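> Next come a sequence and a model predicted from it.
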Amino acid sequence: MNTLLFAALLVALLSHLMFSAMVKADWYDYYAIERVDYPIEIDPQVGGLTAMKDGRLALTVMHGDVVIYDPESETWDVFASGLHMPLGIVEEKPGQFLVIQKPELTRIIDTDSDGKADQYQTVYDDFGMTGNYHEFAFGPVVDTEGNIFVALNVASNFNGVFEYIRGEYSELCPPKDKMQQWHDFEKWKQGYRKKVTRMFSCAPYRGWVMKIAPDGEVTPFASGFRSPAGMGFDDNGRLWVTDNQGDWIGTSPLHHVSEGDFAGHPASLHWKKGWQKPHSEIEASDLLPLRKPAAALFPHGELANSPTKPVKTIAKSLFGLPEGEMLLGDMNKNHLIRYLPDEIDGTSQGTLIPFVGGNALGIGNYTMDFSSDGALWVGKVHMNWAGGEGLLKITKKKTPFLIESVTLHKDGFQITANEPIEALPDTVSITHHTYHYHAKYGSEKVDVTNVVPAKLTLDKSRKQLFITLDSLAENRLYTIDLGEMVSVNGKPLMGTVLRYNLNKRARDSQ
């Protein structure tokens with residue numbers, strides 16, 4: 001064989017092998033995931049997690065403790081005990097925390113600085129409880145003005161209500177004596193349960209986000225939630241809440257929540273001032289004028305089944321992600337998820353992209369927080385459902401090739417990468433669809449439509465890919481698969497499937 005020809009073939013073969021190796025690269029080439037050794041005497045189900053100002057972590061665990069973990073000394077100390085299903089924690093100042101329990105929001109204080117709580121103060125417990133197992137409480141999160149926000153789950157017709165309840169019983173609900181007959185479960189399942197809505201709110205403010213001001217004044221802030229398991233603020237101080245697929249919720253959403261919003265689940269309307277129609281009689285047409293569309297949608301079974309807490313990203317130099325976006329977990333999927341916002345004329349919408357994932361991450365990623373050194377700490381829980389246990393630490397090894405922003409234009413999408421793109425992708429697959437809004441549990445994808453791009457172009461920097469479309473449809477979830485895109489340095493694109501929830505079309509052309 002000619003020497004020059006052999007050399008050319010060898011170079012081509014090596015290039016192909018290098019390209020194949022890069023395409024097959026996974027997240028662990030870019031991020032390290034460490035499972036923290038967990039002492040046997042500490043409950044490994046983490047319901048709440050916050051990175052403290054001094055570098056330690058405060059965790060709430062399902063057995064009812066607040067535990068302090070010091071990553072430097074690898075020591076664990078119980079700070080407080082005796083709590084009831086604590087699913088969230090915030091550090092107010094050294095030695096003082098806010099914890100949401102199932103029955104109340106509690107301030108827990110170490111007054112003598114001995115490392116143990118000695119004062120438990122009820123901050124807020126003026127919400128209803130019927131004893132139903134599904135009446136969880138989530139949060140807390142605190143805004144820059146000191147207002148505290150918590151979210152209250154609705155109840156499930158898998159149970160009814162108990163004999164003694166806290167708070168008023170709604171006259172719009174089925175009769176209380178009927179709802180108390182669930183203890184004979186086989187009889188309940190075959191009998192009266194069939195007349196009860198899948199989820200219900202028979203005690204005050206189930207299905208609401210509540211705001212507690214620094215002076216103690218409580219405001220019913222927003223309604224329409226089913227199981228709002230995740231809450232967080234973005235860099236602009238805006239509140240974001242995740243919810244879970246179920247009745248009236250075709251697939252799990254992410255909501256940007258402002259005061260007075262209705263997110264779509266009607267059970268909470270029993271506690272809306274002036275509302276007179278029972279949940280059991282409500283139809284979608286009653287709700288559409290009230291309902292605020294979700295900013296993002298997680299296709300059920302693909303991207304997420306039960307999305308959890310949103311956390312804002314930190315400095316790009318520390319973790320490799322642009323500031324201004326958020327990270328979320330999920331109870332059933334072994335990856336994290338990025339949310340890239342794209343507000344159009346005051347309407348919140350944006351893109352969800354899979355992030356770090358795999359067996360080392362696992363499932364049950366319920367609560368997360370960044371420490372000041374750039375580590376992402378992840379707490380796991382399962383509570384008798386799908387999920388996991390333990391504590392993970394995720395740190396950046398090197399920055400991957402990824403999409404930094406997805407912005408909507410009049411003629412299509414502008415997709416910006418963090419490194420120059422080697423070439424236009426061979427194929428870009430695009431579909432859009434919607435979901436039913438109905439009382440049934442969940443929804444299949446509705447009206448799945450294939451879209452052929454009219455044109456693909458790169459700008460001079462090769463970082464911006466423009467996908468021109470002949471038309472754009474509102475109230476549709478666009479799925480854009482970029483395939484095996486690589487950077488000019490041969491790095492594979494990590495997170496190739498983009499899901500943009502288009503609520504409103506852009507008015508300006510690109």
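All right, it came through fine.
> Ramachandran angles for residue 269?
The phi and psi values for residue 269, taken as degrees, to the nearest 10, are phi -70, psi -20.
> Can you name the residues that contact it?
Contacts for residue 269 (CB atoms under 8 Å, 6 or more residues apart in numbering) come out as 223-224, 262, 275, 277, 279, 282. Every C-beta, even on glycine, is put in place using the N, C-alpha and C of the backbone.
> let's go with 6 Å and repeat that
Residue 269 sits next to residue 275 when contact means CB atoms under 6 Å, 6 or more residues apart in numbering.
> Next one: it relative to residue 175, how far apart?
In this view, residue 269 and residue 175 are 19 Å apart by CB to CB, to the nearest Å.
> Kindly report the same for residue 400.
From residue 400 across to residue 175, the span is 58 Å (CB to CB).
> what do you get for residue 343?
For residue 343, the distance to residue 175 - CB to CB - is 46 Å.
> Neighbour count: the two, which is higher?
residue 343 (16 against 10; other CB atoms under 10 Å).
> pLDDT below threshold where in this structure?
Counting by pLDDT under 70, the ranges of the chain that qualify are 1-24, 507-510.
> Using the record's assignment, carve it into domains.
The chain resolves into domains spanning 126-226+259-294, 403-502 when parsed by automatic domain parsing.
> With residue 367 as the reference, name the closest of those.
Comparison of these against residue 367 by CB to CB identifies domain 126-226+259-294 as nearest, at 10.1 Å.
> The closest residue in space to residue 82 that isn't next to it in sequence and residue 134: what is the separation?
Distances taken as CB to CB, 6 or more residues apart in numbering put residue 64 closest to residue 82, at 5.8 Å, once the chain neighbours are dropped. Computed as CB to CB, the residue 64 to residue 134 distance reads 19 Å.
> same thing with residue 302?
25 Å.
> More neighbours: the two, which one.
Higher neighbour count among residue 302 and residue 134: residue 134, with 17 against 14, using other CB under 10 Å.
> Would you confirm that the more buried one contacts residue 156?
Yes - the criterion here is CB atoms under 6 Å, and residue 134 meets it with residue 156 at 3.8 Å.
> How is residue 122 assigned, secondary-structure-wise?
strand (DSSP: H, G, I helix; E, B strand; the rest coil).
> Setting aside sequence neighbours, what's the nearest residue to residue 443?
residue 250 (3.2 Å).
> Tell me how far the one you found lies from residue 112.
52 Å.
> who has more neighbours, these two?
Comparing residue 250 with residue 112 by other CB under 10 Å, the one with more neighbours is residue 250, at 23 against 10.
> Would you quantify the distance from that one to residue 300?
Look at residue 250 and residue 300: by CB to CB, they are 8 Å apart.
> Verify the stated contact: residue 442 with residue 247.
No - the pair residue 442 / residue 247 is not scored as a contact, 8.1 Å apart, by CB under 6 Å.
> Name the residue in the two with the higher neighbour count.
Neighbours were counted for residue 442 and for residue 247 using other CB under 10 Å; residue 247 has more, 21 against 17.
> Give me the neighbour count for residue 25.
When counting by other CB under 10 Å, one arrives at 15 neighbours for residue 25.
> Hmm, it is touching residue 492, no?
Yes - assessed by CB under 6 Å, residue 25 is found in contact with residue 492 at 5.4 Å.
> Now do residue 425 against residue 63, distance only.
On the measure of CB to CB, residue 425 and residue 63 end up 50 Å apart.
> These two - which one has more neighbours?
The neighbour comparison of residue 425 against residue 63 (other CB under 10 Å) goes to residue 425, with 19 against 16.
> so that one sits in a strand?
No - counting by three-state DSSP, residue 425 is not found in a strand; it is coil.
> what's near enough to touch it?
Contact analysis of residue 425 by CB under 6 Å, 6+ apart lists 482-483, 485.
> Show me which of those residues are buried.
When the contacts of residue 425 are checked for burial by 16 or more other CB atoms under 10 Å, the buried set is 482, 485.
> can you list the contacts of residue 425 in CSV and add secondary structure and distance to residue 55?
Formatted as CSV, the contacts of residue 425 follow (DSSP: H, G, I helix; E, B strand; the rest coil; distance: CB to CB, whole Å):
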residue, secondary structure, distance to residue 55
482, coil, 39
483, coil, 42
485, coil, 38
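> As TSV, the contacts of residue 425 with distance to residue 152 would be great.
As requested, the contacts of residue 425 are exported to TSV (distance: CB to CB, whole Å):
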residue	distance to residue 152
482	40
483	43
485	43
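> and residue 177, what helix or strand is that in?
Element membership for residue 177 (DSSP states H and E) is helix 176-179.
> what does that helix contact?
Contact with helix 176-179 is made by 160-161, 169, 192, as judged by CB under 6 Å, 6+ apart.
> Which pair of these spans the longest distance?
Farthest apart among the contacts of helix 176-179 by CB to CB are 169 and 192. That separation is 16.2 Å.
> Sweet, I'm off.
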